[in-house]
Every structure is written in structure tokens, then in C-alpha cells.
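K.L.:
When you get a sec, could you give me coordinates for this:
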Amino acid sequence: MLPLRIALDADLKARWGAEIAWSWRQLLTALGYAWVEVAPDAPCDIAYMHHMPVAASTSTPLQARMVILADPARWANPTGCQLAQLHRNAMPAGLRFADDVASLAAPTVRDGVIWLQRDVIFDYFWLATGQEEVHWPQDAHGFFTLPDAWLAQRALEAAPASAIVEALGALWQEYGLGAPLPRWPQGKRAAAAITHDVDYPEVIRWLEPLRIVRRQGSRGFGPAWEVLTGRRTHWAFPQWMDFETRYGVRSAFYFVARQGSLIEYARGTPDPFYDVTAPRFRALFRTLIEGGWEVGMHASYLAYAARERFAGEKQRLEQAAGAPVVGNRHHYWHLNPTDPTATLQLHADIGLLYDTSLTHDRYLGWRRGVTTPFYPLATRTRREIGVVQLPVAWMDAQLAQRTDLTQPQRDAMVCELVELVAAQQGLFVANVHDYVFDEVLFPGWLATLRAALERIVARGDFWVATPVAIARHWSDRYRRLLSDSIGLTEGR
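P.N.:
So this is what the prediction gives:
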């Protein structure tokens, strides 16, 4: 595998070198290309520059096989570039987030040189770092309300950053820029992981019946009585293991190490009430780990607020599980609401391998537009964070609580995400809570996961593994590509 020769405009590199190098590293890693950064005037495979060279209007051959034109104005003010502006700046035929990335599918070719007049490197950076989020309203938990333009474009469900990656990869293959490193093991096209947030494994018998009746009305009286009398519980781990074994799946269960209380819940700190050090949980951890399942951390609601607290939760869970804990998801997706990447940096500080917390609570799809694992950028420090982010495609409540949808519609929507992941050679991560296995208490919640798994199994081209296995694969692959590459080191 020969590395791609990348030439960066000197002025762009001097001003935004860390951001540009990070974008190229993530994009090239997703595609599986090593690289060599060369001087701006040297022969290269791809030149990234902010002006049209003189040779474009003459018969003089260019030094590059492909030229991507940069837009310095957008790099200078990334948070000011909003969705409507991106559309106005598009090439004829446009880069539409819910479309087929038309500006990459039909490039201009002159004098044997491929020209992309849209700055797709900035597009990737803008999406994958969440630049527009600073404009969106947040509720008390930090959950965003997406603008109408994003909802109308179905931008999250289209995963536009990965659409850019795949379109560039297709171009490079078409024009013979080299063979990439395979993305997934075993010759598979895509990957999938099933995850569970363990929020409520032990019911409060006097409280849960009220919640059941509130959800189901008069139909819930019977199930509520069964819970009140102890004949029906939320302890569904054996059932989950049996269910997943039928599909050849080993999932991850994320446990909260900090024990909360009803009083704290009422005061605005909604941590679960169970104790991971109790004998029942210690035995469960042994069973899960011995069976090939993953035990991960579900960081508490305020874990992000202090490094010591966060590290203490990890240590407490590791002691209870009797094994290292390397993966995490934040309870309530609760990152630092004013600077999410500050929380992502904490993951590296306490020694995590991966995190899977970047998503939107209410909306299907990929918060940063990326379906492959990636290493986030801390935009304030301009440094790459050395913890793999596994992007989530779907959480159960996003569809199960929508009364405007039928069950077949819910199933079809998640299966569409599976198909998109396959098209983009990405990763499908599903999040289904531990307590919803019971069809009587939570009708339809498991059915959508079953539909997704059946689609994945029927396709036969997904590598289905635990999140930790996927994160290790991506980390090893990234290190291999870095070791075979030269340059693009700013911000590492």
C-alpha cells in the first residue's frame, strides 16, 4: 500500500494547521490510506489550497492529480457557517446533506487533474466537531433542540461527514490513487455493536407500579400488580444473554458505579439507585465477563464535573467487576454542556480506550455526521483526544415513545440506518436499556432491536462484536496507519 502524497497550502497550514491536519487524519484513517505530507510545490496526489493555480487556465500540467480548493473565510469563522450558508456555497448540483454528495460524484477534470471546488475538508471538520451546536438551544440536561433545517434535511440520519469520506474514497479508487487498508476484519463491509445502559435493574416495588399505570393506563393494572408483588422484575440479564446468543451477539452493559437516591433524583441528580459492589452484581459481572460480554462504565450524571470523581467511579466499578473497564457512556448523555470536548478529554485523562456518548437524546442518527469510529478534536486546545469515539445510531426511546409511529414503521426506520451504515462501510451502534426486555412492561421496545439484528444477520456482511473489540481494532488500525505515514502531525 503506497501512501498518498498530500500537499497543504502554506498559508492555510500556518493559520489552521491543527484543524486541517486532524481532519485529514480522520478522513484518511476512515478510508484506510497512509500518507506523506509534501511541500506545496512538490508533485503530489492531492493538493489542498485556497486559490486556483495559474496552470488551471493554461496547458501547463499541474503537480497534483487532484486539487481540493479550500475556503479560508469558512476556516476563519467555523461557528458562523450554518447549514443554509453551506448550501449557498455549494457547487452546481450542490452538496446536500440528505443527498448523494453530488459535488463529489461529478468533479471537474481539466488537463488530467481532478478539481473539487467545494471545500469538503472544511465540511468534514465542521460536521465532525459540531460547530453549529453552539447556536442551538439546550434544556436542563444539555439536550439540544435541532433546527428545522437539520430535521428537514434529515441531516443526522444521512451521516453527511461519512458521506463525504465515502465519496472521496470512491473518487480516489476511480482515478487510481491506490488501494486502501481494509476497514473491518474478516472481509466484512461494516460493523455493529449492541449496548445497554443499566439504569434500573432493580425496581422500587412501591414506585414502579405507578410508573407502569402512567405509561399504559388501565392496561397497566395487571402488570403493576405483578411488579408490586414481586412476580415481575427488571432483572433481565439472563434473558438478554439468551436472546443475544441466538443472534451470535455479545453486547456491552454499562453500569453506574455511583449509587444515587430518590432524594437526589428529586433534586436534579438522576443517578440510578443500585450498588455495583453488592454480591448480586459482583456475581453478574463474573457471569457476563466469562460469557464474553463486556462490562463498561455508565458515568454518573455529574461525573464530568471533576476528574477525581470520574476516576473514582472507574476504579470502583473495576474493583466490583474484578476486571479492567475501558469503555464508557455518560448517563443521560450528560457531557459538559458548554464544552463537550472538555469531557471527552477527561476520558483520556482517566485511561479509557473508548467512549460512546456523542449523540442526541431525541433524534435518530449520528450527532457528528460520522458513522465510523474517530478520535475527536478538542477545539479549544486544538489537540486530538486519544480516546476512540464510537458513534451511536439509535437509542430505543427515540422511537418507542413516539405514538405517531406504528411498530412496522419503527422497525423500518432502524433498518434504514443499518442499510446506510452498510453503504458507508461504517459502524452501527444500538443503545437499548437493560430494563425494557419485558414485552408486557415495555411493548415493542425489544421488537425494533430484533428487526435490526435480523437485518444485520441476513445481510451477512457485518462484523458484530463488543464495543471494546471494535475500539481495539480501530486503535490498532490507526496506529498502523500513523506508523506508515509522514506529516499531518499538528494537533497530535
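K.L.:
Mind checking what helix or strand follows whichever helix in the chain runs longest in sequence?
P.N.:
Scanning the chain for the helix with the most residues, using DSSP state H, yields helix 10-31. For helix 10-31, the following helix or strand on the C-terminal side (DSSP states H and E) is strand 35-38.
K.L.:
so where do the strands sit in the stretch 151-300 of the chain?
P.N.:
Using DSSP state E, counting those that start in this stretch, the strands assigned to the stretch 151-300 of the chain run over residues 190-198, 252-255, 294-299.
K.L.:
Out of those, which is the most enclosed?
P.N.:
Among these, the stretch with the highest mean neighbour count (mean count of other C-beta atoms under 10 Å) is strand 294-299, at a mean of 28. Glycine gets a C-beta too; all of them are placed from N, C-alpha and C.
K.L.:
outside of stretch 254-270, which residues touch it?
P.N.:
With C-beta atoms under 8 Å, 6 or more residues apart in numbering as the test, stretch 254-270 has contacts from 140, 195-199, 204, 207, 271-276, 281, 295-303, 309, 313-314, 316-317, 320, 327-329, 331-332.
K.L.:
quick one: which of those residues sit in helices?
P.N.:
Among the contacts of stretch 254-270, the members falling in helices (DSSP H) are Phe281, Arg309, Glu313, Lys314, Arg316, Leu317, Ala320.
K.L.:
Would you check which pair of those lies furthest apart?
P.N.:
For these, with distances taken as C-beta to C-beta, the pair at the greatest spread is Phe281 and Arg309 (20.2 Å).
K.L.:
So the two - more neighbours on which side?
P.N.:
Shown here are Phe281 and Arg309; by other C-beta atoms under 10 Å, Phe281 has more neighbours (20 against 15).
K.L.:
Enumerate every residue touching that one.
P.N.:
Each residue near Phe281 by C-beta under 8 Å, 6+ apart is listed here: Phe255, Tyr274, Asp275, Ala320.
K.L.:
neighbours of the last one, just the number please.
P.N.:
Summarising burial for Ala320: neighbours were counted as other C-beta under 10 Å, giving 20.
K.L.:
distance of the residue nearest to it when sequence neighbours are not counted from Val436?
P.N.:
Spatial nearest neighbour of Ala320, excluding adjacent residues (C-beta to C-beta, 6 or more residues apart in numbering): Val276 at 4.5 Å. According to C-beta to C-beta, to the nearest Å, Val276 stands 20 Å off from Val436.
K.L.:
Can you pick out the residue with more neighbours from those two?
P.N.:
Taking other C-beta under 10 Å, Val276 and Val436 do not tie; Val276 has more neighbours (25 against 22).
K.L.:
From Pro40, how far off is the more buried one?
P.N.:
55 Å.
K.L.:
Quick check: closest non-adjacent residue to Ala412.
P.N.:
Ala412 sits nearest to Ala451 (C-beta to C-beta, 6+ apart), 8.0 Å away.
K.L.:
which residues touch that neighbour?
P.N.:
Asp411, Ala412, Val414, Cys415.
K.L.:
helices and strands of the protein: which one has the lowest mean pLDDT?
P.N.:
Lowest mean confidence among the helices and strands of the chain (mean pLDDT, DSSP states H and E): helix 83-88, at a mean of 51.
K.L.:
coming back round to it: ok, the residue nearest to Ala320 - contacts?
P.N.:
Residues near Val276 by C-beta under 8 Å, 6+ apart: Phe255, Val256, Ala257, Gln259, Arg316, Leu317, Ala320, Ala321.
K.L.:
The fifth one against Asp275, yeah?
P.N.:
When you say that, I think you mean Arg316. No - the pair formed by Arg316 and Asp275 falls short of the contact definition of C-beta atoms under 8 Å, at 10.0 Å.
K.L.:
And the protein, what are its domain boundaries?
P.N.:
4-181, 185-201+236-481 (automatic domain parsing).
K.L.:
quick one: Leu31 and Pro43, what's the gap?
P.N.:
For Leu31, the distance to Pro43 - C-beta to C-beta - is 21 Å.
K.L.:
out of those two, which sits in the busier spot?
P.N.:
The neighbour comparison of Leu31 against Pro43 (other C-beta under 10 Å) goes to Leu31, with 21 against 13.
K.L.:
which regions of this structure lie under the pLDDT threshold?
P.N.:
1, 52-62, 82-106 (pLDDT under 70).
K.L.:
what about 80?
P.N.:
1, 51-62, 81-106 (pLDDT under 80).
K.L.:
What separation do you get for the residue most central in space within the chain and Gly17?
P.N.:
Using C-alpha atoms, centre = their mean, the residue of the chain that lies closest to the mean C-alpha position is Pro391, 1.1 Å off. Look at Pro391 and Gly17: by C-beta to C-beta, they are 26 Å apart.
K.L.:
Likewise for Ser300?
P.N.:
Distance from Ser300 to Gly17, by C-beta to C-beta: 37 Å.
K.L.:
Could you do Leu399 as well?
P.N.:
According to C-beta to C-beta, Leu399 stands 42 Å off from Gly17.
K.L.:
now Val464
P.N.:
For Val464, the distance to Gly17 (C-beta to C-beta) stands at 39 Å.
K.L.:
who's more crowded, the two?
P.N.:
Val464 (22 against 17).
K.L.:
So for that one, what's the nearest residue that isn't a sequence neighbour?
P.N.:
In space, not counting the residues next to it along the chain, Val464 is nearest to Ala192; the distance is 4.8 Å by C-beta to C-beta, 6+ apart.
K.L.:
Was I right to think the one you found contacts Phe462?
P.N.:
Yes - if you go by C-beta under 8 Å, Ala192 and Phe462 touch, sitting 4.8 Å apart.
K.L.:
any shared contact partners between the two?
P.N.:
In contact with both Ala192 and Phe462: Phe428, Ile456, using C-beta under 8 Å, 6+ apart.
K.L.:
on contacts alone, who are the packing partners of the helix or strand where Arg65 lies?
P.N.:
In this structure, Arg65 sits in strand 64-69 according to DSSP H and E. Counting contacts by 3 or more C-beta pairs under 8 Å, 6 or more residues apart in numbering; DSSP states H and E, strand 64-69 is packed against strand 44-49, strand 113-116.
K.L.:
Nearest to Tyr354, out of these?
P.N.:
Nearest to Tyr354 among the helices and strands packed on strand 64-69 is strand 44-49 (29.5 Å), distances taken as C-beta to C-beta.
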